[in-house]
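>>> quick one: sequence plus predicted model below, questions after.
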Amino acid sequence: MPETTTSKADFWFDPLCPFAWITSRWVGEVEEVRDIQTEWHVMSLAVLNEGRELDPGYREAMDKAWGPVRVIIAAREQHGDQVIKPLYDAMGSLIHDGGEKDFGIVISKALAECGLPASLAAEASSDAFDVQLRASHEEGISLVGQDVGTPVVAFNGTAFFGPVLTRIPRGEEAGRLWDAAVTLAAYPHFFEIKRSRTEQPEFN
């Protein structure tokens, strides 16, 4: 794809997902070398896994997963779409780069970093904006199906689960990967490429 062609990306994330974090950092790299416009949306692993049989450890994780996404949605409703990405960046940095496992700390620090009211932290345990949370989640998952997770990325309107990356491509390498993804997405009969993952994500 020519570098002068403007592309549109829609990115659905749950701040808890390490693979979404890496993919989002890749998109940030792409924004430096390609002409793209990115809109950021919340999806929820907690919503995705409702009603599913999960092992106790993962069920506990999903119970805790409500907090961060509820806070981001509440902030969006009260302060506008422009707060979504900064909150995601702040939460993701604390969780994935900083190793913070206490989501209460993550939420309070992220709100402070973004200059948002500390009172929004109370929304982590409130269902006041769950209708909006579910709508944002459904907008993304309806494009790819219920049998996938996060990230969901729409390339010029055509959405896929992934790409799943274990390292962050940088510079022109990030741009070339973007070009390839856009090319695949532009073919209307392309659906899936997959192989078994053999390594864990690294964030640096």
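Everything's here; your move.
>>> residues in contact with the closest residue to A112 other than its chain neighbours?
Nearest residue to A112 in three dimensions, chain neighbours excluded: A118, at 6.9 Å (C-beta to C-beta, 6 or more residues apart in numbering). All C-beta spots, glycine's among them, are computed from the backbone N, C-alpha and C. When contacts are counted by C-beta atoms under 8 Å, 6 or more residues apart in numbering, A118 touches 108, 111-112.
>>> among these, which ones are buried?
By neighbour count, with 16 or more other C-beta atoms under 10 Å, the contacts of A118 hold 108, 111 as buried.
>>> just the ones of the contacts of A118 in strands?
Secondary structure from DSSP state E places none of the contacts of A118 in strands.
>>> just the contacts of A118 now: which is nearest L184?
Checking the contacts of A118 against L184 with C-beta to C-beta, the nearest one is L111 at 37.9 Å.
>>> how far does stretch 182-193 stretch from one end to the other?
14 Å (C-alpha to C-alpha, to the nearest Å).
>>> show me which positions of it end up buried.
For stretch 182-193, burial by neighbour count (16+ other C-beta under 10 Å) applies to 182, 185.
>>> list the contacts of that stretch.
For stretch 182-193, contacts defined as C-beta under 8 Å, 6+ apart pick out 1, 7, 155-156, 158, 160.
>>> do that again at 10 Å, thanks
With contacts defined as C-beta atoms under 10 Å, 6 or more residues apart in numbering, stretch 182-193 is touched by 1, 5, 7-9, 30, 34, 36, 144, 148, 153-163.
>>> okay if I get the contacts of A118 as TSV plus pLDDT and distance to A61?
As requested, the contacts of A118 are exported to TSV (pLDDT from 0 to 100; distance: C-beta to C-beta, whole Å):
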residue	pLDDT	distance to A61
S108	99	20
L111	99	22
A112	99	25
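>>> in JSON lines: the contacts of A118, plus distance to N204.
Output for the contacts of A118, formatted as JSON lines (distance: C-beta to C-beta, whole Å):
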{"residue": "S108", "distance to N204": "25"}
{"residue": "L111", "distance to N204": "25"}
{"residue": "A112", "distance to N204": "24"}
